[in-house]
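*Asks:* With the sequence up front, the predicted model follows.
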Amino acid sequence: MLAYADMSQVVYARVPETLKDALDTYSVDRGVTLTSAVVDLLGRGMAAASDERSVAELEAKLARVSTEKVQVEAKLATATNELGGLQAFAQRAVQAVGTCPNPSCGKSITGYDLLALGWCHHCQQTLMDLLAPHTNNTSLNQRDVGLLLGALGVALIGAAIIGSAAG
C-alpha cells in the first residue's frame, strides 16, 4: 500500500451518483467517515495502478516459462522414446545370435560379440566374416541378427533425433 504524508489536501471531484452511493455503503460497512473511505479506496487504486506493470511482467514471464515447459516435456518424451530403443537394443545384444565360426570353439556368440566386439569372447576368433559371408553357410541365425540390427537402427535413429533437437 502506498504511504501518504500526514498533511491533508483537498480534492474536489464530481462522481456519478452510483459511485457516491457505493462510497457511502463502503464507509458505513467499515464504520469510517466518507473521507477515510475515499482515501482508503484511492490509495488501493493507486497501488493497483502502480502494480499493473509488474503484473504484466509476471504474466509475460509465466508465458515464457509455460513455453519452456512444453519444450522440456517434448524433449523428455523424445528421450524416453530413445531410452526405449536403447533398452530394446540392449536386450537383443545379450541374446545369442549364432555360434562361433572357429571349428575348435563352436560356442554361442551374442549380438554384442558380433557388433560391438567383433570377435568371439571365448576364443577371440574374428566375426566380421559372419556379417558379409563368402558363402551362404553361416553359423548365424539370420532372424535374430535381423532383429538385433533393427533394434540398433531404432536406437541410432532416436539418438540422431535427440542430437538434432539438442543442437
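*Replies:* All right, it came through fine. Numbers count the residues shown, from 1 in each chain.

*Asks:* Low-confidence bits of the protein, can you list those?
*Replies:* Applying pLDDT under 70 to the chain flags residues 1-7, 130-145, 147-148, 154-156, 158-167.

*Asks:* Now for the residue nearest to Thr126 when sequence neighbours are not counted, how many residues are close by?
*Replies:* Computed as C-beta to C-beta, 6 or more residues apart in numbering, the closest residue to Thr126 that is not its neighbour in sequence is Trp119, at 5.2 Å. All C-beta atoms are positioned from the backbone trio N, CA, C, and that covers glycine. Neighbours of Trp119 under the rule other C-beta atoms under 10 Å: 17.

*Asks:* Same check on Ser8?
*Replies:* When neighbours are defined as other C-beta under 10 Å, Ser8 has 9 of them.

*Asks:* That one and Arg30, how far apart?
*Replies:* 19 Å (C-beta to C-beta, to the nearest Å).

*Asks:* For the protein, which segments count as strands?
*Replies:* 96-99, 108-110 (DSSP state E).

*Asks:* Could you pull up phi and psi at Gly31?
*Replies:* Torsion angles at Gly31 (phi, psi; degrees, to the nearest 10) stand at phi 70, psi 40.

*Asks:* sorry, back to before: now for the residue nearest to Thr126: which residues touch it?
*Replies:* Neighbouring residues of Trp119 by C-beta atoms under 8 Å, 6 or more residues apart in numbering: 113, 125-127.

*Asks:* Name the nearest of these relative to Ala48.
*Replies:* Asp113 (72.6 Å; C-beta to C-beta).

*Asks:* Leaving out the residues flanking it, which one is nearest to the closest one?
*Replies:* Closest residue to Asp113 apart from its sequence neighbours, by C-beta to C-beta, 6+ apart: His121 at 5.5 Å.

*Asks:* hang on, isn't the one you found packed against Ser108?
*Replies:* No - taking contacts as C-beta atoms under 8 Å, His121 lies outside contact range of Ser108: 10.0 Å.

*Asks:* ok, the nearest residue to His122 once chain neighbours are set aside - contacts?
*Replies:* Setting aside the residues directly before and after it, His122 is nearest to Lys107 in space (C-beta to C-beta, 6+ apart), at 4.6 Å. The contact partners of Lys107, taken as C-beta under 8 Å, 6+ apart, are 99-100, 120, 122-123.
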